[in-house]
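J.: Would you be able to build a 3D model of this:
(2 chains, ligands or ions: 2)
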Amino acid sequence: MATMTRPAAEPQRTDSEPEFRPPKYRRPFGVGRDTVVQYAVLLVIALFVLAPIVPTLIQSVRSEPLYEDGGVFTLDGYVHLFTDAGFGTVVWNTLLFATLTTLLSLLIAVPMAVVVVRTKLPFGRFFALTMQWPFFISSLILGFGWIIMYGPAGFVSTQFRELFGGVPWNLYSIPGMAITEAVALAPIAYVFCANALRQSDASLESAAQVCGAGPFRILTQVVIPMLRPPMVYSSILVFSMSVETLSVPLLYGQPVDIDVFSTFLYRNGLQSVNPDYSVLGAASVVILAVTISLVAVQAKLLKDAQRFVSVRGKATRPRMLDLGWLKWVSITAITFYVVFGALVPILGLVFRSFTLIFTPLRNPFDFLTTDNYATITRYDSYVQSIWNSLIVAGVGSVVVSILAVFAVMVARRSTFRFGRLTEYLALVPQSIPGIIIGIGFFWAFAYAPFGLGDVLPGTIAALVIAFGLRALPSAFGSIAPSVMQIGTELDNAARVSGADWVMTFFRVLRVLITPAFAGSLVLCFVIMLKEYSPAVFLSSADNNILGTTMLELWAQGSTGAVAALATIQIVITATFVALAGLLMKGKHHA
Amino acid sequence: MPEVTVNNLRKEFGDNTVLHDNTFTIKDGEFFTLLGPSGCGKSTTLNCIAGLEEPTGGSITVGGTTFVDTSKHVFLPPEERNLGMVFQSYALWPHMTIERNLALPLRIRKIPKDKQRTMIGEALEKVGLSELSGRYPHQLSGGQQQRVALARALVYSPTVLLLDEPLSNLDAKLREQARAWLKRLQEDLGITTVYVTHDQDEALALSDRIAVLSGGHLLQVDDPHSIYESPAAPEVAAFVGRCNFFEGTVAETARGRHAVRLGCVDQVVEVASPTTATVGSTVTIALRPERLEVVPAGTETDGVNRLDTEVLSSAYVGSHYEYDVRLGDQVVQVESNRPGLTGRVQLVFDPEHALLYAQKVEQSADERELLTVDH
Ligand SMILES: Nc1ncnc2c1ncn2[C@@H]1O[C@H](COP(=O)(O)OP(=O)(O)O)[C@@H](O)[C@H]1O
Ligand SMILES: [Mg+2]
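T.: Ligands and ions are numbered 1, 2, ... in the order given. So this is what the prediction gives:
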């Protein structure tokens, strides 16, 4: 009922005190500032989200690039895509890669979740914490690390070849990609399963135990079936993330010509001399359709499941089962995953940044050097890319967190009739592959008004916008739960005592959500510092960031410089998170 | 001070109708209570008056100002209604001192600083918490928080005071003291007050008039005495105070007195009631436990209604005894001052004390099971 008008009659004041007038808010044309702000938030988010999508849709059916005149409507892009562009192989590769990745990450995550959450495990809490590592390290860096250690000429591979005369693995293959990607995505599946296990009702298990079932029986008959729902959601999520990922397929697939969706776009858009933009557009639309429907299905399933959980009431604390000797097997397996999956490649990469030659054939300690860092400082554009990354992450995290706060307020704390729509729009970017965000904005700038289209491309601002869009769903997701914990009666009390929605926010809620805002800042900073895939289409000599510079140096074969930049990125992230942690802790105690 | 008129108030959440076209008027200066079991729509009604919910249909007018009228597309947002409201959780803003909590509504009304200070002082005085103005809400006890919430709702002299279960978070002892204190304060201020509670004792003790809600339907609006003594429907009788219900068939009826054959024991009892009943129709008789009396079997009494029963169980609850007696397969609750009755007894009641309803009483499965015994 947005067309509601205000009553004509003035409130009759019969009491003695004339200064007690109920507050009045100006409403030109019956529209108050609450409504204006709410529509503004919706509009900004809609613009932000649709900007890369709509031009992509248009480009997919136009014969000429968007920035050139004279294009006509055509379906040639789609026709070409499915007939002669080799897209069939790409679809098959992507399917294979994503399926393998999903299976492998479940294989790692499910037993680990069960063991860590539901059994008595020494250092259980420590292992649970270590599962957060992929949050801090980008999959690009992980890919570099894996190649340096396990690639055909990698440190570990060479050593292995020395000892046994050959290596049984080949990193530059679809299974190789899938293993690396699974190592990086397993923690996502782990979190879903671990949460489900923590919430699950222990009385079922106690009942089974009373009936004389041993720990293994309980695990297989009671615990595992409980994991089916989280396994389904996390499979879909991991699947859609491996469909969109660029890093690992790019690093492993390029040398041996294995293409998946993202590298197909990368090659056709960037590396071909004369890119066919309608094919590129059509491919982007197809991939978007896949990822968006996957995430929609996942969100739907999750929502249904939550409805189910909420009616179940309070769960008792789960019992810890004792696995006996098997727990040492579990510990070994988890340690193996953490050490060989993450620790060895990352430490190898860091070590590589301090040496000239990195092979077991020669003692690397003989070649210790800081030359790799010197290479970086020698070139302004490399140093600039570090600053650019910091600026994009710094400015971007503030902008995105502010936008997310407003989105959450409109979606969850207002009676705005498009509140739900605002929330959906804010969450849509999680299903848009980063590379498509890059391509989309690249085309969107062709439409930008006020000559912005000429100014924005190649600037840091363009990256702030594109990376910001990628981070928006995470910012929304981290702020919304904290806001929901603040009782609505606090807002209602402010409203009744005379504050409109805008004033309620600034006078009451703003202070209360400061911790959530700070949390979102840290999260967005880390995400945006790691991000690079939208930048491959938006970068120029002036706005290179850590990720694009590393890719460039990698292509040139400057592995040492890549390792140095990767180390710098890791150090920045670690320092920032540590400082933020300290600051927030201090605030908490004050 | 204004009158609150609620006309055909209707609220739907999706396809769930929470309020069914309720109409009532709250008089100027009245202490008006919305009473009903939880989930019956009390808070929704109050929120519609406050403007925190938009009704699906109907209108609300306060002292000549239309707050909401769906037929005319009028909706005044809560911040412009100038009402005071106290919430169940008190909803004190945790990051502000008590003084700043009270100052916010005054700052919004652009009242000068010095005037603000005196008004805050007066409001805190009223609730007896002047010395705590510098504290933060979490430094106060529950009772103090509740009084601060009240002071915050009163500091800007609202037209109507709305209270949503303000005492339910206090412990039992404190609740009774707070109740008396609240009643005195409201009488002193003379402010029109709408009070929401699911506690019948609270409603009876505080209110000038009570509106009983059930499942979104307004069952009765009346003063506490009438609500208790002549409930308009069996549901009201059941919710306000305890009540035994008997089904029966009218055997004879003359000049407001009816002879009813009870279904459970096949005996005829006499009931005096203005309710019209036709011979042969099924009716419900309602009897409050304290209006029933048990006497040892064989005692001579002069009442007309005497039923032979036996004691199933008895309990001493301090001020009186509570007996469960059997009438056919039905358990009847009786409050009595007579100690130590067992075995066969007589159940006695005055025809004037029985309530007669034409409709049947819907009991929940739980109630039915608890109040039924085997022969
Ligand atoms: N925002 C809402 N959305 C859907 N249903 C609601 C909402 N608020 C209240 N209800 C439903 O309306 C009914 C009445 O609620 P309420 O007025 O809060 O009851 P109470 O009498 O306990 O205060 C309940 O059944 C509740 O589930
Ligand atoms: Mg309520």
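J.: Now do the residue of chain A found nearest ligand 1, the pLDDT please.
T.: Closest to ligand 1 within chain A is A:Thr488: 9.6 Å, counting by CB to the nearest ligand atom. Every C-beta, even on glycine, is put in place using the N, C-alpha and C of the backbone. pLDDT recorded at A:Thr488 is 90.
J.: what's the distance between the closest residue to it other than its chain neighbours and A:Val399?
T.: Here the nearest residue to A:Thr488 in space, its sequence neighbours aside, is A:Arg413; by CB to CB, 6 or more residues apart in numbering or on different chains that works out to 7.3 Å. Between A:Arg413 and A:Val399 the computed distance is 21 Å (CB to CB, to the nearest Å).
J.: okay, these two: which has more neighbours?
T.: Neighbour comparison, A:Arg413 and A:Val399: the larger count goes to A:Arg413, with 20 against 17 (by other CB atoms under 10 Å in any protein chain shown).
J.: Return the residues in contact with that one.
T.: Remark: with contacts taken as CB atoms under 8 Å, 6 or more residues apart in numbering or on different chains, A:Arg413 is in contact with A:Val483, A:Thr488, A:Asp491, A:Phe505, A:Leu509.
J.: Check A:Leu219 too.
T.: So, once contact is read as CB under 8 Å, 6+ apart, A:Leu219 ends up touching A:Val114, A:Arg118, A:Leu321.
J.: from memory the second one sits against A:Met320, does it?
T.: It refers to A:Arg118. Yes: look at A:Arg118 against A:Met320 with CB atoms under 8 Å: they come within range, at 6.6 Å.
J.: These two: which is more packed in?
T.: Neighbour comparison, A:Arg118 and A:Met320: the larger count goes to A:Arg118, with 26 against 14 (by other CB under 10 Å).
J.: Would you mind giving the contacts of A:Leu219 as JSON lines with secondary structure added?
T.: Converted to JSON lines, the contacts of A:Leu219 look like this (DSSP: H, G, I helix; E, B strand; the rest coil):
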{"residue": "A:Val114", "secondary structure": "helix"}
{"residue": "A:Arg118", "secondary structure": "helix"}
{"residue": "A:Leu321", "secondary structure": "strand"}
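J.: Please convert those residues to TSV, extending it with distance to A:Gly440.
T.: Formatted as TSV, the entries for those read as follows, by distance: CB to CB, whole Å:
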residue	distance to A:Gly440
A:Val114	41
A:Arg118	44
A:Leu321	49
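J.: So for the helix or strand A:Leu579 falls within, what gets flagged as buried?
T.: For A:Leu579, the enclosing helix or strand under DSSP states H and E is helix A:559-589. Using 16 or more other CB atoms under 10 Å in any protein chain shown as the burial criterion, the residues of helix A:559-589 that qualify are A:559-570, A:572-573, A:576-577, A:580.
J.: That helix - contacts with which helices or strands?
T.: Using 3 or more CB pairs under 8 Å, 6 or more residues apart in numbering or on different chains; DSSP states H and E, the elements in contact with helix A:559-589 are helix A:139-150, helix A:344-352, helix A:371-378, helix A:380-412, helix A:514-530, helix A:546-555.
J.: again, 6 Å this time
T.: Packing partners of helix A:559-589 (3 or more CB pairs under 6 Å, 6 or more residues apart in numbering or on different chains; DSSP states H and E): helix A:139-150, helix A:344-352, helix A:371-378, helix A:514-530, helix A:546-555.
J.: What's the mean pLDDT across whichever helix or strand comes after the first one?
T.: Think helix A:139-150. For helix A:139-150, the succeeding helix or strand toward the C-terminus, using DSSP H and E, is helix A:155-164. If you average the pLDDT over helix A:155-164, you get 88.
J.: what's the distance between helix A:155-164 and the middle of its chain?
T.: When C-alpha coordinates are averaged (CA atoms, centre = their mean, to the nearest Å), helix A:155-164 and its chain have centres 35 Å apart.
J.: In the stretch 251-375 of chain B, which residue sits nearest ligand 1?
T.: Residue nearest to ligand 1 within the stretch 251-375 of chain B (CB to the nearest ligand atom): B:Ser364, separated by 16.4 Å.
J.: Go through the helices and strands packed on helix A:559-589 and pick out the most buried.
T.: Per-stretch averages of neighbours, counted by mean count of other CB atoms under 10 Å in any protein chain shown, single out helix A:139-150 among the helices and strands packed on helix A:559-589, with a mean of 26.
J.: neighbours around B:Pro351, how many?
T.: For B:Pro351, the number of neighbouring residues by other CB under 10 Å comes to 18.
J.: Can I get the strand or helix carrying B:Val68 as PDB, trimmed to CA atoms?
T.: B:Val68 belongs to strand B:65-69 when elements are defined using DSSP H and E. Extracted in PDB, the C-alpha atoms of strand B:65-69 (Å, rounded to 0.1, in the frame of the first residue of the first chain):
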ATOM      1  CA  THR B  65      -7.200  11.800  14.200                       C
ATOM      2  CA  THR B  66      -7.500   8.900  11.900                       C
ATOM      3  CA  PHE B  67      -4.400   6.700  12.400                       C
ATOM      4  CA  VAL B  68      -5.400   4.200   9.800                       C
ATOM      5  CA  ASP B  69      -8.300   3.700   7.500                       C
END
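J.: B:Glu252: neighbouring residues, count only.
T.: 12.
J.: Relative to ligand 1, how far out is B:Lys126?
T.: Distance, B:Lys126 to ligand 1, by CB to the nearest ligand atom, to the nearest Å: 27 Å.
J.: Contact partners for A:Tyr373?
T.: A:Ala564 (CB atoms under 6 Å, 6 or more residues apart in numbering or on different chains).
J.: Pull up the per-residue confidence for it.
T.: As summarised for this prediction, A:Tyr373 has a pLDDT of 90.
J.: Would you mark the buried spots in the strand holding B:Val68?
T.: B:Thr65, B:Thr66, B:Phe67, B:Val68, B:Asp69.
J.: Leaving out the residues flanking it, which one is nearest to the last one?
T.: Of all residues not flanking B:Asp69 in the chain, B:Ser59 sits nearest, at 3.9 Å (CB to CB, 6+ apart).
J.: B:Leu307 - nearest residue in space that isn't next to it in sequence?
T.: B:Leu347 (4.4 Å).
J.: give me every residue that touches the one you found.
T.: With contact set as CB under 6 Å, 6+ apart, B:Leu347 has these partners: B:Val294, B:Leu307, B:Thr309.
J.: Kindly recompute the last result at 10 Å.
T.: Remark: with contacts taken as CB atoms under 10 Å, 6 or more residues apart in numbering or on different chains, B:Leu347 is in contact with B:244, B:265, B:269, B:287, B:292-295, B:305-310, B:323, B:325-327, B:332, B:334.
J.: For A:Leu343, give its distance to B:Glu165.
T.: In this structure, A:Leu343 and B:Glu165 are 56 Å apart, going by CB to CB.
J.: Please read the previous query as pertaining to B:Leu213.
T.: With the distance defined as CB to CB, B:Leu213 ends up 14 Å from B:Glu165.
J.: overlap in contacts of these two?
T.: With contacts defined as CB under 10 Å, 6+ apart, the residues adjacent to both B:Leu213 and B:Glu165 are B:Lys42, B:Val196, B:His198.
J.: so how many other residues sit close to the last one?
T.: Right, the one you point to is B:His198. Using other CB under 10 Å as the criterion, the residues surrounding B:His198 number 18.
J.: In space, what's closest to it - neighbours in sequence excluded?
T.: Once its chain neighbours are removed from consideration, B:His198 has its nearest residue in B:Ser38; the separation is 5.3 Å (CB to CB, 6+ apart).
J.: can I assume that neighbour sits in a strand?
T.: No: with the criterion set as three-state DSSP, the secondary structure at B:Ser38 is coil rather than a strand.
J.: what mean pLDDT does the host helix or strand of B:Val345 have?
T.: Secondary structure assignment for B:Val345, by DSSP H and E: strand B:344-349. Strand B:344-349 carries an average pLDDT of 90.
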